[in-house]
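Peer 1: Quick check, what structure comes out for this input:
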Amino acid sequence: MSKNVFSAPLPAKERVHELDIIRGFALLGILFANMPYFASPEVYLTMTNVVWWTESWNVFAEFIIHFFASSKFFTMFSFLFGLGFIIFLQRAEQKAAKPQGLFIRRLVILLVIGIIHAFGIWYGDILVIYALTGFFLLLFYKSTPKTVLVWAFLLILIPVSFISLMAILIFMAGDLIPSDAESMAIGMQMLEQSITAYGSGNTADIFSQRAADYSFMFSNYVFMMPVILGMFLFGVYIAKTEKYKDIPSHIPFFKRVWKWSLAVGLPFNVMFVYSYFEQGAEVSVHMMTYFIGSAIGGPALCFFYMTSIILLMRKEKWIKLFNPLRAVGRTALSNYLLQSIIATSLFYNYGLGLYGEVGPLIWLVMAAVLFAGQIWVSNKWIKKYRFGPAEWIWRSLTYGKRQPFKM
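Peer 2: Prediction:
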């Protein structure tokens, strides 16, 4: 029987419900972590050491966002992306003559979706960097699980070791390092431009500012690539060892990960959050410890969150609580894009124009309401359709054939 590129949707009985739930939970965390960037010039506020929100309730809400959400959920998505890479290729091998070519096409289409998202909707897009980093996964497709695991740790620890050395040197240099007045001036200019463009500008102003912001942010995203690839590879490791297939038989493994991820992640997360509130515009030890805390604390607590869900779902009451997230996870790409569309409509001038007008406490409330709506809509949607609309487009273009849409 000849192979072709058409692949049927994964039957419901073959889906790993825990993965769908974790993916849905990751979307909740992504939304909370992204709210400062939707609602304010967060990146430039940090760069210039400008403090907008001084009220105790807003400071506390900002602390909640950074302690529980920031750096924990893009890593979770990265892990799921790597795991999905192996699942996709394993299924494609049964249907396509060139499964790796099919994966490359899948990445190229994701890249196009990411570019549209980044320049047409919101500059905080992560899809472009996922697509670009995803090409490196092909180097590890035939690697042994042990090799993949070693590389996963190295990709996270080598940049951290380099930054740690820089932090030590900066600490020893003390006041010998001059402040970067030029960067401060650029940051202040970009901050003011953001407020004007998003808060009161027209569509052309917003489009121009979004392009400038993405160009600025892309260098940061590139710097994150080792961590993202490392998390991809942790997902590849779990897929290659098939620990996701028979979760009950691997409970001792997940318990060990749960304990170690909390033990490692918590202190580094404290470092991350403390450094966030203490770092200034100049190059400093706090800036370095912020990165170290993020690069280690984020992935570690990401594993803590995932294994917590897996362990809690051994009990019926928790299954009922988490089950509504399954539909959100099955339509993850559509929901991710929808979050950007709705949030920018709330904050940008072409919508309600709330950019810079409301603080972190209101962000939390808005995110909770928005996600509750996504849970409701997703569960209604999945009863009638096999995929979310973005997933359907992505899948149809990948396989070069219109995929079945309705149930």
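
Peer 1: what about A368, distance to F32?
Peer 2: Here the criterion is CB to CB, to the nearest Å. By it, A368 lies 9 Å from F32. Heads up, the C-betas are built off the backbone N, CA and C, glycines and all.

Peer 1: no wait, F304
Peer 2: From F304 to F32 the distance is 17 Å (CB to CB).

Peer 1: Next, count neighbours for S215.
Peer 2: By other CB atoms under 10 Å, the residues close to S215 number 12.

Peer 1: K98 too?
Peer 2: Number of residues near K98 (other CB under 10 Å) recorded here: 13.

Peer 1: Could you report the pLDDT at Q90?
Peer 2: Note on Q90: pLDDT of 88.

Peer 1: Buried residues, the strand or helix carrying it. List them.
Peer 2: Under the criterion of DSSP states H and E, Q90 resides in helix 74-95. If you call a residue buried by 16 or more other CB atoms under 10 Å, then helix 74-95 has these buried ones: 74-89, 91-92.

Peer 1: re earlier: looking at A368 and F32, which is more packed in?
Peer 2: The neighbour count for A368 versus F32, taken as other CB under 10 Å, is higher for F32 (21 against 13).

Peer 1: secondary structure class for that one?
Peer 2: helix (DSSP: H, G, I helix; E, B strand; the rest coil).

Peer 1: nearest spatial neighbour of it, skipping sequence neighbours?
Peer 2: Spatial nearest neighbour of F32, excluding adjacent residues (CB to CB, 6 or more residues apart in numbering): A69 at 4.2 Å.

Peer 1: L191 too?
Peer 2: Nearest to L191 is Y44, by CB to CB, 6+ apart, at 3.8 Å.

Peer 1: State the number of residues packed around that neighbour.
Peer 2: Using other CB under 10 Å, Y44 is surrounded by 21 other residues.

Peer 1: I'd like the next helix or strand past the helix or strand harbouring it.
Peer 2: Element membership for Y44, per DSSP H and E: helix 42-48. Proceeding C-terminally, helix 42-48 gives way to helix 56-68 as the next helix or strand, assigned by DSSP H and E.

Peer 1: which residues touch that following helix?
Peer 2: Applying CB atoms under 8 Å, 6 or more residues apart in numbering, the contact partners of helix 56-68 are 29, 32-33, 35-36, 53, 269, 272-273, 276-277, 359-361, 363-364.

Peer 1: Please flag which of those sit within helices.
Peer 2: Among the contacts of helix 56-68, the members found in helices (DSSP state H) are 29, 32-33, 35-36, 269, 272-273, 276-277, 360-361, 363-364.

Peer 1: Among the residues you listed, the buried ones, what's the ChimeraX command?
Peer 2: Typed into ChimeraX, the line below selects the buried ones among the ones in helices among the contacts of helix 56-68, using 16+ other CB under 10 Å:
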select :29,32,33,35,36,269,272,273,276,360,361,363,364
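
Peer 1: From the ones in helices among the contacts of helix 56-68, pick the one nearest W381.
Peer 2: Distances from W381 to the ones in helices among the contacts of helix 56-68, taken as CB to CB, are shortest for G29 (21.3 Å).

Peer 1: From Y399, how far off is that closest one?
Peer 2: The spacing between G29 and Y399, counted by CB to CB, is 31 Å.

Peer 1: ditto for L338
Peer 2: Distance, L338 to Y399, using CB to CB: 24 Å.

Peer 1: One more: L361?
Peer 2: 45 Å.

Peer 1: same check, this time on F73
Peer 2: Distance of F73 to Y399, given as CB to CB: 29 Å.

Peer 1: and the two? which has more neighbours close in?
Peer 2: Per other CB under 10 Å, whichever of F73 and Y399 has more neighbours is F73, with 24 against 19.

Peer 1: Verify the contact between that one and G24 for me.
Peer 2: No - under the criterion of CB atoms under 8 Å, F73 makes no contact with G24, lying 11.4 Å away.

Peer 1: F119: what's it in contact with?
Peer 2: F207, R210, A211, Y214.

Peer 1: Buried ones among those residues?
Peer 2: Buried members of the contacts of F119, scored by 16+ other CB under 10 Å, are R210, Y214.

Peer 1: just checking, the residue nearest to L191 touches I195?
Peer 2: No - if you go by CB under 8 Å, Y44 and I195 don't touch, sitting 9.3 Å apart.

Peer 1: Centroid-nearest residue for this structure?
Peer 2: When CA atoms, centre = their mean is applied to the chain, the residue found nearest the centroid is F74 (2.0 Å).

Peer 1: In contact with it: list those residues for me.
Peer 2: Contacts of F74 (CB under 8 Å, 6+ apart): I30, A33, I126, I228, G298.

Peer 1: now those as CSV including distance to S200 and pLDDT?
Peer 2: Shown next, in CSV, are those (distance: CB to CB, whole Å; pLDDT from 0 to 100):
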residue, distance to S200, pLDDT
I30, 28, 97
A33, 26, 97
I126, 28, 94
I228, 35, 95
G298, 35, 95
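
Peer 1: so I21 touches R326, yeah?
Peer 2: Yes - I21 is within contact range of R326, at 5.5 Å (criterion: CB under 8 Å).

Peer 1: More neighbours: those two, which one.
Peer 2: Taking neighbours as other CB under 10 Å, I21 and R326 compare with I21 leading, 25 against 22.

Peer 1: residues in contact with the more buried one?
Peer 2: By CB under 8 Å, 6+ apart, the contact list for I21 reads I309, M313, F322, N323, L325, R326, G329.

Peer 1: Now stretch 16-35: buried residues?
Peer 2: Result for stretch 16-35 [16+ other CB under 10 Å]: buried residues 17-35.

Peer 1: So, low pLDDT: which residues of the stretch 51-200 of the chain?
Peer 2: The stretch 51-200 of the chain contains residues with pLDDT under 70 at 167, 170-183.

Peer 1: Show me where it has its helices.
Peer 2: Counting by DSSP state H, counting those that start in this stretch, the segments of the stretch 51-200 of the chain that form helices are 56-68, 74-95, 99-120, 127-134, 145-173, 181-200.
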